[in-house]
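Peer 1: Just to be clear, the model below is a prediction. Sequence and coordinates:
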Amino acid sequence: MINYNISFIISTRNRAALLKGCLDALIKQDNIEKDNYEIIVVDNGSGTTDTKQVVDSLQRRFKHMKYVYQEKLGLSIARNTGVKYAAGDLICFLDDDTIPDKNYIWEIILSFKTHDIACLGGKIIAAWPQETPPAWFNEKFGDIVGETPFGNESRFMRKDEFPFGGNIVFKKEIFQ
């Protein structure tokens, strides 16, 4: 088992139902001890208590989860707030509607252990109400819906590529 401490920061605003799916997927990860990562939910000005209730209900299953309320709106503000509370060596930003693969954390750890990198970005596949994208959709529109075309193999990104904020990991030292 590889040990590494990761802080997952998830910013959300009035999307408790979507957030629950993301948190469930992080809690159910394979190949990782639950004490090796934490989840920080930054509630960015939600007008209801639904977000806090979702976090509270899941804290019974996962003790390393924090709820932070940030009244001032803005994704950057919410993420920076999350970083202030983060204890991990790695900072991972996920969108509240992200459903990570069951080996997601394992792959992050493996990538940082085997490569001298400061940042890691992963593939993002858009979920559609139907099984396939609409007929008008083509891969050129992918970045509009947050998709990344990075494929299934690990590789270094080209100079004209950049990871998306919905699935990105940094060494914490970058923020210090």
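Peer 2: Structure received.

Peer 1: Not counting sequence-adjacent ones, nearest residue to residue 48?
Peer 2: The shortest distance from residue 48 to any non-neighbouring residue, by CB to CB, 6 or more residues apart in numbering, is to residue 14 (6.5 Å). Backbone N, C-alpha and C define where each C-beta goes, glycine included.

Peer 1: Quick check, that neighbour in contact with residue 49.
Peer 2: No - if you go by CB atoms under 8 Å, residue 14 and residue 49 don't touch, sitting 11.0 Å apart.

Peer 1: Look at these two and report which has more neighbours.
Peer 2: Ranked by neighbour count (other CB atoms under 10 Å), residue 14 and residue 49 place residue 14 first, with 16 against 11.

Peer 1: what's near enough to touch that one?
Peer 2: Residues in contact with residue 14 (CB atoms under 8 Å, 6 or more residues apart in numbering) are 46-48, 50-51.

Peer 1: any idea which of those has the most stuff around it?
Peer 2: For the contacts of residue 14, neighbours tallied by other CB under 10 Å; top is residue 51, 24 neighbours.

Peer 1: burial measure for residue 140, as a count.
Peer 2: Residues lying near residue 140 (other CB under 10 Å) number 8.

Peer 1: Correction: the previous question concerned residue 6.
Peer 2: Count around residue 6 with other CB under 10 Å applied: 23.

Peer 1: and it, bridged to which residues?
Peer 2: residue 37, residue 90 (DSSP bridges).

Peer 1: thought residue 96 was touching residue 20?
Peer 2: No - judged on CB under 8 Å, residue 96 makes no contact with residue 20 at a distance of 9.3 Å.

Peer 1: Comparing these two, which residue is more hemmed in?
Peer 2: residue 96 (23 against 18).
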